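> pasted the sequence and its predicted model underneath.
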Amino acid sequence: MFVKPLRKAVLPVAGLGTRVLPATKSIPKEMLPVVDRPAVQYVVDEAIEAGIEHIIFVTGRAKSAIEDYFDRAFELETILRGKGKSDVLEALNTILPEPGTMSFVRQQAPLGLGHAIWCARDIIGDEPFAVLLPDVLIEGQTGCLAQMAKVYAEHGGNIIAVDEVPNTDVHKYGVIDPGTKTGRLSEMRGMVEKPAAQDAPSNLKITGRYILQPEILELLENQETGAGGEIQLTDAMARLMQNQPFHAYEYEGMDFDCGDRLGYLRAIAHFALGHKELAVGARAIFENALAHKS
């Protein structure tokens, strides 16, 4: 079986970040710092680890800071060089992409995730592509998308990342209707958005990482609006599922919803405690804060 290589990834970054206002009034939610780097950097690193060669950002108004972040800052570099801060300068250079490996397209109106993906159609072309929701950080010994890419290379088709949640929480998420399961991989028969616990077909929630075939772009072009009056990616996925295989992969790792205030705080604490330089100091700060607040 020939499987087209996975080379491109789409990061939809046009959202307003209303769940973390007022912090995101003038700062894109993707640029909120998680310890010592913006959240979007973790997601880009995950894509690169998986072998992605071209990253497509779908942006909106007031999102220019993301494009600037991945560009050179000549004045800053000159100042750092003049002050002899070569270590800081080197760290800045490590985040710079190779020329031509990032593209930015504009979603002019907030018409939904499906519409955002469709806006990237000309750059995606006739190739499979990944979608990474940039406000979801996933930490694992191997990146989530790298795990999925390995499965995709073996099976082809469409791959959706899922993980287990307590049955009492399934009403908060989109969950899958699983079929035959082999190891961490399950065939998908369908998806249900925020079902009641007694009606849920599983407790496997969709986590914000997808590998999709390009035919979904044709479906998105004429996709009717769904929940919230928006063009939903899941609706187009459900249509594509009628003709193409879909699998759900239970990745190894932990996810953090940085689009939620407590989720963002959880991410900061987790990544601070795992930071090779800051972990000891971070733990002392957290323990001291707990001691004074208990």
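Everything's here; your move.

> and Tyr42, what is it in contact with?
Contacts for Tyr42 were tallied using Cβ atoms under 8 Å, 6 or more residues apart in numbering; they are Val34, Leu137. (Glycine included, C-beta is placed from N, CA and C.)

> if we use 10 Å, what do you get?
Listed by Cβ atoms under 10 Å, 6 or more residues apart in numbering, the contact partners of Tyr42 are Val34, Val35, Pro134, Val136, Leu137, Ile138, Glu139, Gly143, Phe256, Cys258, Ala267, Phe271.

> for Asp169, same thing?
Counting by Cβ under 10 Å, 6+ apart, the residues that Asp169 touches are Val175, Ala197, Ala200, Asn203, Lys205.

> quick revisit: which of the contacts of Tyr42 sit farthest apart?
Using Cβ to Cβ, the contacts of Tyr42 span at most 17.6 Å, a distance reached by Val35 and Gly143.

> please say which of those two ends up with more neighbours.
More neighbours surround Gly143 than the other of Val35 and Gly143, with 22 against 17 (other Cβ atoms under 10 Å).

> pretty sure the more buried one sits against Val44.
No. Taking contact to mean Cβ atoms under 10 Å, the distance of 11.0 Å between Gly143 and Val44 leaves them out of contact.

> quick one, what contacts Met237?
Residues near Met237 by Cβ under 10 Å, 6+ apart: 114, 158, 160, 188, 190-191, 206, 210, 212, 216, 219-220, 244, 246.

> ugh, wrong one, Ala269
Under the criterion of Cβ under 10 Å, 6+ apart, the neighbours of Ala269 are Val34, Val35, Phe256, Ala282, Arg283, Phe286.

> dump those residues to CSV, plus pLDDT, secondary structure and distance to Val151.
Shown next, in CSV, are the contacts of Ala269 (pLDDT from 0 to 100; DSSP: H, G, I helix; E, B strand; the rest coil; distance: Cβ to Cβ, whole Å):
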residue, pLDDT, secondary structure, distance to Val151
Val34, 95, strand, 27
Val35, 94, coil, 30
Phe256, 95, strand, 22
Ala282, 94, helix, 34
Arg283, 95, helix, 36
Phe286, 92, helix, 36
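
> what's the closest non-adjacent residue to Asp71?
With Cβ to Cβ, 6 or more residues apart in numbering as the measure, Leu96 is the residue that lies nearest to Asp71, at 7.8 Å, once sequence neighbours are left out.

> would you confirm that the one you found contacts Arg72?
Yes. The pair Leu96 and Arg72 passes the contact test of Cβ under 10 Å, sitting 6.7 Å apart.

> Met241 versus Ala149, what's the distance?
21 Å (Cβ to Cβ, to the nearest Å).

> scratch that, Ile48
Distance from Ile48 to Met241, by Cβ to Cβ: 29 Å.

> and the helices in the protein?
Listed from the start of the chain, the chain has helices (DSSP state H) covering 39-49, 64-69, 74-82, 86-94, 113-119, 121-124, 144-155, 215-221, 233-240, 261-273, 279-293.

> any idea which of those helices gets closest to Ala227?
Smallest distance to Ala227 across the helices of the chain (Cβ to Cβ): 8.4 Å, for helix 233-240.

> picking that back up, next, format the contacts of Asp169 as a markdown table and append neighbour count, pLDDT and distance to Leu16.
Putting these into a markdown table (neighbours: other Cβ atoms under 10 Å; pLDDT from 0 to 100; distance: Cβ to Cβ, whole Å) gives the following:
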| residue | neighbour count | pLDDT | distance to Leu16 |
| --- | --- | --- | --- |
| Val175 | 26 | 90 | 26 |
| Ala197 | 12 | 87 | 30 |
| Ala200 | 21 | 89 | 29 |
| Asn203 | 18 | 92 | 30 |
| Lys205 | 21 | 93 | 23 |
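
> max pairwise distance over the residues you listed: which two?
Farthest-apart pair in these is Ala197 and Lys205; separation 12.8 Å (Cβ to Cβ).

> how many neighbours does Thr99 have?
Just so we're on the same page, residue 99 is Pro rather than Thr. Taking other Cβ under 10 Å as the definition, Pro99 ends up with a neighbour count of 6.

> how about the one 5 residues further on?
Residues lying near Phe104 (other Cβ under 10 Å) number 18.
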